[in-house]
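Chemist: Here you go, sequence then predicted model.
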Amino acid sequence: DSYSDKQTKLRKPDWHEFLAGYLAGSINIIVTFPINKTMFRQQLHGISALEAVNQLKREGMISLYRGILPPLLQKSCSYSLMFGCYDQYRRTFHDGLGFGYTTSMVLSAILAGCTEAVLTPFERVQTLMLDAKYGKEFKN
């Protein structure tokens, strides 16, 4: 690799990493949302898991995924940022600045986590949408 090839590679983010993170976050939420909604109901109303499940059954399948949009956006964007930024930081530290492999990984993980932390306000909206008291105020 020549110096200019290395510089071009460092400047160009790998969109595959961003896409992989986006898909990982989306699948995570789609699969775990009903479970998290059940746990949230238990905590909110102080009821058993069975009561929470029965409550969700009575509301119907459509309601099961009501409120999924904020966590879906939050997690998919969050994971996308983390995967993509981690890769970019790692390449910059390891390939560009010559840091060791382990040091590059640790620093990259810390910076990617800090970058991702910008998206935490979405979690507040998710919590409000899961509470029936605020159900009419927010749309999915």
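Modeler: Arrived safely, thanks for sending.
Chemist: Following element in sequence after the longest helix belonging to the chain, please.
Modeler: For the chain, the longest helix by residue count, based on DSSP state H, is helix 15-45. Going down the chain from helix 15-45, the next helix or strand is helix 49-59, by DSSP states H and E.
Chemist: quick one: that next one to helix 15-45, angle?
Modeler: Computed by axes from the mean of the first three to the mean of the last three CA atoms, to 10 degrees, the angle separating helix 49-59 from helix 15-45 equals 100 degrees.
Chemist: what helix or strand is the residue nearest to the spatial centre of the chain on?
Modeler: In the chain, the centroid-proximal residue (CA atoms, centre = their mean) is Lys75; its distance is 2.0 Å. Taking DSSP H and E as the definition, one finds Lys75 inside helix 69-91.
Chemist: how about the next helix or strand after that helix: buried residues?
Modeler: Note on helix 69-91: by DSSP H and E, the next helix or strand toward the C-terminus is helix 101-116. Within helix 101-116, the residues that count as buried by 16 or more other CB atoms under 10 Å are 104-105, 107-108, 111-112, 115-116. For every residue, glycine as well, the C-beta is placed using N, CA and C.
Chemist: Now do helix 101-116: everything it contacts.
Modeler: Residues from elsewhere that reach helix 101-116 (CB atoms under 8 Å, 6 or more residues apart in numbering): 78, 81-83, 85-87, 89-90, 93-94, 99.
Chemist: Can you add pLDDT and neighbour count and give these back as a markdown table?
Modeler: Output for the contacts of helix 101-116, formatted as a markdown table (pLDDT from 0 to 100; neighbours: other CB atoms under 10 Å):
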| residue | pLDDT | neighbour count |
| --- | --- | --- |
| Ser78 | 89 | 23 |
| Leu81 | 91 | 21 |
| Met82 | 92 | 22 |
| Phe83 | 94 | 23 |
| Cys85 | 93 | 22 |
| Tyr86 | 95 | 21 |
| Asp87 | 93 | 19 |
| Tyr89 | 94 | 19 |
| Arg90 | 94 | 21 |
| Phe93 | 94 | 20 |
| His94 | 92 | 18 |
| Phe99 | 95 | 17 |
